[in-house]
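Student: just to be clear, the model below is a prediction. Sequence and coordinates:
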Amino acid sequence: MVLYLFHVDKLSSAHVYVRLEPGQTWLDIPQAVVEDCAQLVKANSIEGNKKNGITVIYTPWDNLKKTPGMETGQVTFHNNKKVKRVFVEKRINEVVNRLNKTKVEKFPDLRLERIQREKIDRKNARLDEFAEKEKARLLSEEKRRAEKEINDMFDPTQMKSNWRETEVEDINEAEEDFM
């Protein structure tokens, strides 16, 4: 599971987290979701809500860096290349109202969810490993059958040599013998 944090750049604001399915990246986040999240953090920022033309940043949660001495809620990043920005010209009340109507506040046990997710990931890894071993076994068996088939076709009694008992001195004689 990958979480992405949305936050108004350089201003205090709410944090909006987007949870993606395993294997998804921020390239898979629909633009409409990005815009909705940007509107939410703008609307829930004391300073950002009053201003037009703000920038909202988003990054994977594991890119967040908290160092001693930082204010509450203040973070920086391990890698600035993993930070994306979206420009929000102004607050769109229709979007904020639509999202507020569907608001559901949950207090999940994140530790338990992580343990369950890791358990599923380990199970999937074991299944992938088993599938790879089975594929290797089938390839090995197919190779062994092909070698056996070639060996079965080999019959020494049917072999004839092109080696001559005597050396031919006249090339024309050799060609006639060949034809």
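Tutor: Done, it's in.
Student: what are the phi and psi values for the spatially most central residue of the chain?
Tutor: The chain has Gly23 as the residue nearest its centroid, 4.2 Å off, counting by C-alpha atoms, centre = their mean. The phi and psi torsions at Gly23 (degrees, to the nearest 10) take the values phi 90, psi -20.
Student: adjust the sequence numbering to begin at 26 for everything that follows.
Tutor: Okay, using 26 as the starting number, the last item reads as Gly48.
Student: confidence score at it?
Tutor: pLDDT for Gly48: 81.
Student: same deal with the one 10 residues further on?
Tutor: On the pLDDT scale, Val58 is placed at 92.
Student: gap between it and Ser70?
Tutor: 19 Å (C-beta to C-beta, to the nearest Å). C-betas here are computed from N, CA, C, even on glycine.
Student: more neighbours, those two?
Tutor: Ser70 (20 against 13; other C-beta atoms under 10 Å).
Student: list the residues that contact the more buried one.
Tutor: 33, 36-39, 79 (C-beta atoms under 8 Å, 6 or more residues apart in numbering).
Student: hmm, which two among these are most spread apart?
Tutor: The largest separation in the contacts of Ser70, counting by C-beta to C-beta, is between Ala39 and Ile79 at 13.2 Å.
Student: tell me where the protein has helices.
Tutor: For the chain, helices defined by DSSP state H occupy the ranges 56-68, 71-75, 118-126, 135-178, 196-203.
Student: convert the C-alpha atoms of the shortest one to CSV, please.
Tutor: Read that as helix 71-75. The C-alpha coordinates for helix 71-75 follow below in CSV (Å, rounded to 0.1, in the frame of the first residue of the first chain):
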residue,chain,number,x,y,z
ILE,A,71,-6.2,29.2,6.8
GLU,A,72,-3.9,31.2,4.6
GLY,A,73,-4.3,29.2,1.4
ASN,A,74,-8.1,29.4,1.4
LYS,A,75,-7.8,33.2,1.3
